[in-house]
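> sequence first, then the predicted structure, then my questions.
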Amino acid sequence: MKRFEHILAYIPHNDSDKIVMNWCGTIARKAESQKVDMLMCYEDFYSDLQESPLNWADFSSKESARLEELASQYLTGINYEIVIVNEAPAKAMLSKLSSGNYDLLVTPKETVYGISLVERLARKSPVGILVLPADAEPKFESIMMGVDFSDLSPLLIEWAEAFAENAGGITQLDAMHVMQMPAPSRALHATDSESIRSSLYRASQAMLKTLIKEKSKNPSDWNLHVSESPLVATQLVDEIDAMNTDLLVMGSHGRNAFSIALLGGQTTDLIRRTPIPLLIVK
């Protein structure tokens, strides 16, 4: 699948390196990816500040050997490369991504640089970014897509269906739109709120049905859901918990009023709060 031909993975300085390799290995094998590049970054490495007397060359060689051992467990049969640089991780990753050679960025949520690194990558990455929480197993049996009806929505469907194909079996696909009531106003007070809510609900259902019918390769595979909440991220977290979802697919931003109403800072909230892997489509 073209979505996963060349994967860039950020390898952290903690046990999440195993999680990242496990996911990359699973995706690459099922999608028959051409290559996985694993990038480890050490910012401001100075030998005189380290407890070990190793210089940079010796230190990077030792780390490379450690990662090679892990790769032998998780990346068997896959063409991969380990790159260790003395550079800030965001700068190094964005520089690599700017080459236009990659289809997907895989990164753990937990890094020594904190969640702000993941948020920055989510904003600036030119390709889709898969954010992995601790202990996340590579499963795609239940995938939920948060729909905002922006121009990114068809692309979200493509990505969700690509991951479903990677599952190699039956995957539950759920399309979820969280609608919001208009802000209070004089006009709203003069109108029956339940009538407005009912109209918005029907319109959202119709739009969701049309979107899936026109853009999905297999519309009958999708379950369609509309819910209401002023707190979109909270509602989505509740929904994925109720449905035992394995992967949440969201857009990073949109281009119209629907996306503004749905997303805003919601993607950032989801990066911080969702307990499952989050795929952010660009």
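Nice, I can see it. Numbering: from 1, shown residues only.

> stretch 71-81: end-to-end distance?
Terminal residues of stretch 71-81 lie 10 Å apart, using Cα to Cα, to the nearest Å.

> hmm, I typed the wrong one, I wanted stretch 92-104.
In terms of Cα to Cα, the two terminal residues of stretch 92-104 are separated by 15 Å.

> cool, stretch 181-192 as well?
End-to-end distance for stretch 181-192, by Cα to Cα: 12 Å.

> where in this protein is pLDDT low?
Counting by pLDDT under 70, the chain shows low-confidence ranges at 1-2, 44-53, 112, 182-191, 253-265.

> buried ones in the top helix by length along it?
In the chain, assigned by DSSP state H, the helix with the most residues is helix 193-215. Neighbour counts using 16 or more other Cβ atoms under 10 Å place 200, 204, 207, 208, 211, 212 of helix 193-215 among the buried residues. Where you see a C-beta, it was placed from the backbone N, CA and C, and this is true even at glycine.

> flag every buried residue along the very next helix or strand once past that helix.
For helix 193-215, the following helix or strand on the C-terminal side (DSSP states H and E) is strand 222-228. Judged by neighbour count (16+ other Cβ under 10 Å), strand 222-228 contains these buried residues: 222, 224, 225, 226.

> stretch 6-25 now?
6-12, 16-17, 19-25.

> that stretch spans what distance, first to last residue?
This stretch, stretch 6-25, spans 12 Å end to end (Cα to Cα).

> check the offset of that stretch from the chain's centre.
Taking Cα atoms, centre = their mean, to the nearest Å, one finds the center of stretch 6-25 at 14 Å from the center of the full chain.

> ok so residue 143 is a strand residue?
Yes: under DSSP: H, G, I helix; E, B strand; the rest coil, residue 143 sits within a strand.

> what about it, neighbour count?
A count of nearby residues for residue 143, using other Cβ atoms under 10 Å, gives 24.

> can you give me the strands for the protein?
Counting by DSSP state E, the chain has strands at residues 6-10, 35-41, 80-85, 104-108, 128-132, 142-146, 172-179, 222-228, 247-251, 278-281.

> for residue 138, state which of the buried residues of stretch 6-25 is nearest.
Nearest to residue 138 among these is residue 23, at 4.7 Å by Cβ to Cβ.

> wait, isn't that closest one in contact with residue 132?
Yes: assessed by Cβ atoms under 8 Å, residue 23 is found in contact with residue 132 at 6.0 Å.

> the longest helix of the chain packs against which elements?
helix 153-167, strand 172-179, strand 222-228 (3 or more Cβ pairs under 8 Å, 6 or more residues apart in numbering; DSSP states H and E).

> returning to that earlier point: just flag the most distant two among the buried residues of strand 222-228.
222 and 226 (13.0 Å).

> hang on, the earlier thing: and the buried residues of stretch 6-25, which is closest to residue 86?
Of all those, residue 11 has the smallest distance to residue 86: 14.5 Å, by Cβ to Cβ.

> please name the residues that touch the residue lying closest to the closest one once chain neighbours are set aside.
Leaving aside its sequence neighbours, residue 11 sits nearest to residue 40 (Cβ to Cβ, 6 or more residues apart in numbering; 4.3 Å). With contacts defined as Cβ atoms under 8 Å, 6 or more residues apart in numbering, residue 40 is in contact with 10, 11, 12, 13, 17, 63, 67, 82, 83, 84, 85.

> the same query, at a cut-off of 7 Å, please.
11, 63, 67, 84 (Cβ atoms under 7 Å, 6 or more residues apart in numbering).
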